[in-house]
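>>> below is the sequence, then the predicted model.
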Amino acid sequence: MRAIIIDDERLARAELKKLLQDFPEVEIVDEAANADEGIHKIESLQPDLIFLDIQMPGKTGFDMLAQLEKAPQVIFTTAYDEFALRAFEVNALDYLLKPVEPKRLADAIHKLQTGETRENKQIGEFVNNSLLGEHDQVFVKDGERCWFVKLSDIRLFESVGNYAKVFFGPNKPLILKSLNALEERLDEKFFFRANRKHIVNLRLIEKIEPYFNGGLLLELKGGEKIEVSRRQTVKFKEMMSL
Amino acid sequence: MVKELELKTIKAHINPHFIFNSLNSIRALVDENPERARRAITELSTILRSSMQADKSESAPLERELSIVKDYLALENMRFEDRLRIEYLVDDETLVLPVPPMMLQTLVENAIKHGISKQIHGGVVRIKSNVRNSFHELSVENTGYLNGYASSGGFGLSSTTNRLTLLYGNKAKFEIRQAEPNLVEAKVLIPLEADH
């Protein structure tokens, strides 16, 4: 696993690097002292894993994650911010309290490795790396609440001005991304632009019905009803070979 | 009795974030700079001891309070390295003046928490003490912005105001302001002839 350590304190980074010497499976490819540096290095080096401090000058670790197109695996490191971690609604995510207990670090790395091998078997079918596939995860932050969400769990993106509302489980937080920008990045094998305002996850459609003017009406797993415009209906039928 | 209890809860406050971050830095220094690590343990001990002992008295000479702050800032300097500059502009004649225990410490902690730690390139913490117009003026300046304080509720600020009122009634003053575009100043005025 290629990893980056992001922490504003040099000594904290040095200490974590030293602890990680006992884990040859984790290779530290770089480190960053703040969120902007972190974003830059994550985008250019594409690590599998980041160790991320929460309280940093400029932007917090959460803000940094929300700016990334896709989130790598994350292990949070923090001195005393358990309250901040309670903001997480979904996914048990891992965090280490500084000074880090070696046993906890071993557990966190072990957990990631077992999760990773399971996932690698499912993927395989993807060739194009620049697109977001259904196994990629995104980090969504809406005010104080945060989620790590697998794209396969997102059933709908809805355009709201410059924002997009993301539907998964019972949640629908807003992210600062336009629907057009999202469409460009999403793999069209799984995500379909139904009309001007909606992108749906093809795997999470419950029902398909004919609609006015030769269009279609899709009902999603969450009960949302989305109209497919007449123009897109042709494309949709081709894709689903209806 | 009620007054005493109130003072006690205010004094007992010490930031756990600081303690654990310091311990983490010390652990890194054990290999890198063992001499500095040993000194850091002494400094941390002084601070922990002071925060426990403070309950026992209503006031302490500035000199004693300043020595705690110096240990505290030495530890923060270990964490922030060249992102923290420290300046002391303290008139010798003010060293014997009585001040509420741990008050200066709280203001300095705030300067780090809301000021320096939010600046990517860090900045300065400046401690000033002098006598003017029969008031002891004690101030802490830090690089940063006042809105950093407001957003986090400011336990330190309300506790400082409360303590001064409890000890000196309305004769003491406390204010915090944006003194320069990127410099915040927290200033306490304590009447010289305070009878409490």
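That came through fine. Residues are numbered from 1 along each chain as shown, chains lettered A, B, ... in the order given.

>>> show me what from chain B comes close to chain A.
Within chain B, the positions lying close to chain A (Cβ under 8 Å from any Cβ of the partner chain) are B:16-17, B:20-21, B:23-25, B:27-29, B:31-32, B:78-81, B:117-120, B:122. Using the backbone N, CA and C atoms, a C-beta is placed for each residue, glycine as well.

>>> count of residues packed around B:Arg132?
8 (other Cβ atoms under 10 Å in any protein chain shown).

>>> just A:Asn195 next, same as before
If we define neighbours as other Cβ under 10 Å, then A:Asn195 has 17 of them.

>>> now swap in B:Asn170 and tell me
By other Cβ under 10 Å, the residues close to B:Asn170 number 7.

>>> and chain A, what are its domain boundaries?
Here the domain parsing of chain A from automatic domain parsing is A:2-122, A:143-239.

>>> for the first one, what is the average pLDDT?
For domain A:2-122, mean pLDDT is 86.

>>> same check, this time on the shortest one
Domain A:143-239 comes out with an average pLDDT of 91.

>>> and stretch B:134-152, by the same measure?
What stretch B:134-152 shows for mean pLDDT is 85.

>>> flag every buried residue along it.
Within stretch B:134-152, the residues scored as buried using 16 or more other Cβ atoms under 10 Å in any protein chain shown are B:135-146, B:148-149.

>>> just list whatever residues bridge to the residue most central in space within chain A.
Centroid check for chain A by Cα atoms, centre = their mean gives A:Val138 as the closest residue, at 1.2 Å. A:Val138 forms beta bridges with A:Val149, as assigned by DSSP bridges.

>>> what sits against the residue nearest the centre of chain B?
Geometric centre of chain B, nearest residue: B:Gln105, 2.2 Å, by Cα atoms, centre = their mean. Applying Cβ atoms under 8 Å, 6 or more residues apart in numbering or on different chains, we find B:Gln105 in contact with B:50-51, B:65, B:68-69, B:72.

>>> also B:Tyr72?
Residues near B:Tyr72 by Cβ under 8 Å, 6+ apart: B:43, B:47, B:105, B:108-109.

>>> swap in 6 Å and give it another go.
Shown in contact with B:Tyr72 (Cβ atoms under 6 Å, 6 or more residues apart in numbering or on different chains): B:Ile47.

>>> mind checking the SS state of it?
helix (DSSP: H, G, I helix; E, B strand; the rest coil).

>>> equivalent analysis for B:Phe20, please.
Taking three-state DSSP, the label given to B:Phe20 is helix.

>>> surely it meets A:Tyr80?
Yes: judged on Cβ atoms under 6 Å, B:Phe20 makes contact with A:Tyr80 at a distance of 5.3 Å.

>>> for chain A, what lies in contact range of chain B?
Residues of chain A found near chain B, taking Cβ under 6 Å from any Cβ of the partner chain as the criterion, are A:9, A:11-12, A:14-15, A:34, A:57-58, A:79-80, A:98-99.

>>> distance of A:Ala108 relative to A:Thr78?
Separation of A:Ala108 from A:Thr78 (Cβ to Cβ, to the nearest Å) stands at 13 Å.

>>> so how many other residues sit close to B:Thr165?
That count, for B:Thr165 with other Cβ under 10 Å as the rule, works out to 13.

>>> same question, A:Glu227
Applying other Cβ under 10 Å, we find 18 residues neighbouring A:Glu227.

>>> likewise the one 4 residues further on?
By the criterion of other Cβ under 10 Å, A:Arg231 has 10 neighbours.

>>> dump the helix or strand where it lies to CSV, restricted to CA.
Taking DSSP states H and E as the definition, A:Arg231 sits inside helix A:230-239. Below are the C-alpha coordinates for helix A:230-239, written out as CSV (Å, rounded to 0.1, in the frame of the first residue of the first chain):
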residue,chain,number,x,y,z
ARG,A,230,-37.7,11.8,-24.8
ARG,A,231,-34.2,12.3,-26.3
GLN,A,232,-32.6,10.3,-23.5
THR,A,233,-35.2,7.5,-23.7
VAL,A,234,-33.8,6.3,-27.0
LYS,A,235,-30.3,6.1,-25.5
PHE,A,236,-31.6,4.5,-22.3
LYS,A,237,-33.5,1.7,-24.3
GLU,A,238,-30.3,1.0,-26.3
MET,A,239,-28.2,0.7,-23.1
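
>>> what does it contact?
A:194, A:213-216, A:228.

>>> okay, the spatially most distant residue from the centre of chain B: pLDDT?
In chain B, B:Asp31 marks the outermost C-alpha relative to the chain mean, sitting 29.9 Å out by Cα atoms, centre = their mean. B:Asp31 is assigned 94 on the pLDDT scale.

>>> mind checking what secondary structure it has?
Classified using three-state DSSP, B:Asp31 is helix.

>>> and the residue nearest to it when sequence neighbours are not counted, how far is that from B:Glu32?
With Cβ to Cβ, 6 or more residues apart in numbering or on different chains as the criterion, B:Asp31 has its nearest non-adjacent residue at 7.1 Å, and that residue is A:Lys18. According to Cβ to Cβ, A:Lys18 stands 9 Å off from B:Glu32.

>>> and for B:Asn24?
The gap separating B:Asn24 from B:Glu32 is 13 Å, by Cβ to Cβ.

>>> of the two, which one has the most company?
Neighbour totals were compared for B:Asn24 and B:Glu32, and B:Asn24 leads with 23 against 14 (other Cβ under 10 Å).

>>> what's the helix or strand for that one?
Using DSSP H and E, B:Asn24 falls in helix B:16-32.

>>> could you list every helix and strand in contact with that helix?
Secondary structure elements in contact with helix B:16-32, counted by 3 or more Cβ pairs under 6 Å, 6 or more residues apart in numbering or on different chains; DSSP states H and E, are helix A:10-20, helix B:34-53, helix B:62-80.

>>> send the alpha carbons of it over as PDB?
Below are the C-alpha coordinates for helix B:16-32, written out as PDB (Å, rounded to 0.1, in the frame of the first residue of the first chain):
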ATOM      1  CA  PRO B  16      -6.300  17.900  26.800                       C
ATOM      2  CA  HIS B  17      -5.500  18.500  23.200                       C
ATOM      3  CA  PHE B  18      -2.400  20.200  24.300                       C
ATOM      4  CA  ILE B  19      -1.300  17.500  26.700                       C
ATOM      5  CA  PHE B  20      -1.700  14.700  24.100                       C
ATOM      6  CA  ASN B  21       0.000  16.600  21.300                       C
ATOM      7  CA  SER B  22       2.900  17.400  23.600                       C
ATOM      8  CA  LEU B  23       3.300  13.800  24.700                       C
ATOM      9  CA  ASN B  24       3.300  12.800  21.000                       C
ATOM     10  CA  SER B  25       6.000  15.300  20.200                       C
ATOM     11  CA  ILE B  26       8.000  14.200  23.200                       C
ATOM     12  CA  ARG B  27       7.800  10.600  22.000                       C
ATOM     13  CA  ALA B  28       9.200  11.700  18.600                       C
ATOM     14  CA  LEU B  29      12.000  13.600  20.300                       C
ATOM     15  CA  VAL B  30      13.100  10.700  22.500                       C
ATOM     16  CA  ASP B  31      15.100   9.500  19.400                       C
ATOM     17  CA  GLU B  32      15.700  12.700  17.600                       C
END
